[in-house]
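> What shape does this take:
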Amino acid sequence: MGFSIILLLIVITILATYSLVLLNLNNSVVNFDLFFIEIDFHLGSLVLYALCFGMIITIILELIYFSSKKKHKDE
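Numbers count the residues shown, from 1 in each chain. Presented below is the predicted three-dimensional model:
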C-alpha cells in the first residue's frame, strides 16, 4: 500500500471518530428562533452539519481556484 492510501485511511478514521464524538453531544438541544419559526437542533448534529458544510464550501472554492490557475497557465 502506498503512503497516500495509508494517509487517506488515517484521515477517514480520524473523521469517523470525530463524528461519533460529536454525535454524543446530542443530549444538548439548541433552539434557533428565526423570525416566526423556532427550530430545535441537537448540538452534535448541528456541529457535524456545520463541519460537512464547511468542507463542501472549501472543496468548491479550491476547485474554482485551481481551475482558474490552470487556465492562466495554459495562456
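> Check the average confidence over the helix or strand hosting Ile14, would you?
Using DSSP states H and E, Ile14 falls within helix 3-23. Helix 3-23 carries an average pLDDT of 82.
> Next SSE downstream of it?
Following helix 3-23 in sequence, per DSSP H and E, is strand 29-34.
> biggest helix in this structure by residues?
helix 43-74 (DSSP state H).
> so what secondary structure elements neighbour it?
Where contact means 3 or more C-beta pairs under 8 Å, 6 or more residues apart in numbering; DSSP states H and E, helix 43-74 is packed against helix 3-23, strand 29-34. C-beta here means a position set from N, CA and C on the backbone, and glycine is covered the same way.
> List the neighbouring strands of the last one plus their orientation.
So the one you mean is strand 29-34. Note on strand 29-34: by DSSP bridges, its sheet partners are strand 37-42 (antiparallel).
> Restrict the strand it pairs with to CA atoms and write it as CSV.
Output of strand 37-42 as CSV, limited to C-alpha atoms (Å, rounded to 0.1, in the frame of the first residue of the first chain):
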residue,chain,number,x,y,z
ILE,A,37,-40.1,29.8,13.2
GLU,A,38,-38.5,28.1,16.1
ILE,A,39,-36.2,25.2,15.2
ASP,A,40,-34.7,22.8,17.7
PHE,A,41,-31.4,21.1,16.8
HIS,A,42,-29.2,18.7,18.8
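> Please shift the residue numbers so they start at 828 in all later answers.
Understood, numbering begins at 828; the last thing we discussed is strand 864-869.
> one step back: and the helices and strands packed on helix 870-901: which comes nearest Ser894?
Ser894 lies closest to helix 830-850 among these, at 22.2 Å (C-beta to C-beta).
> for that closest one, packing partners?
helix 870-901.
> Now do the buried residues in the helix it packs on.
Counting neighbours by 16 or more other C-beta atoms under 10 Å, one finds that the buried residues in helix 870-901 are Leu870, Gly871, Leu873, Val874, Leu875.
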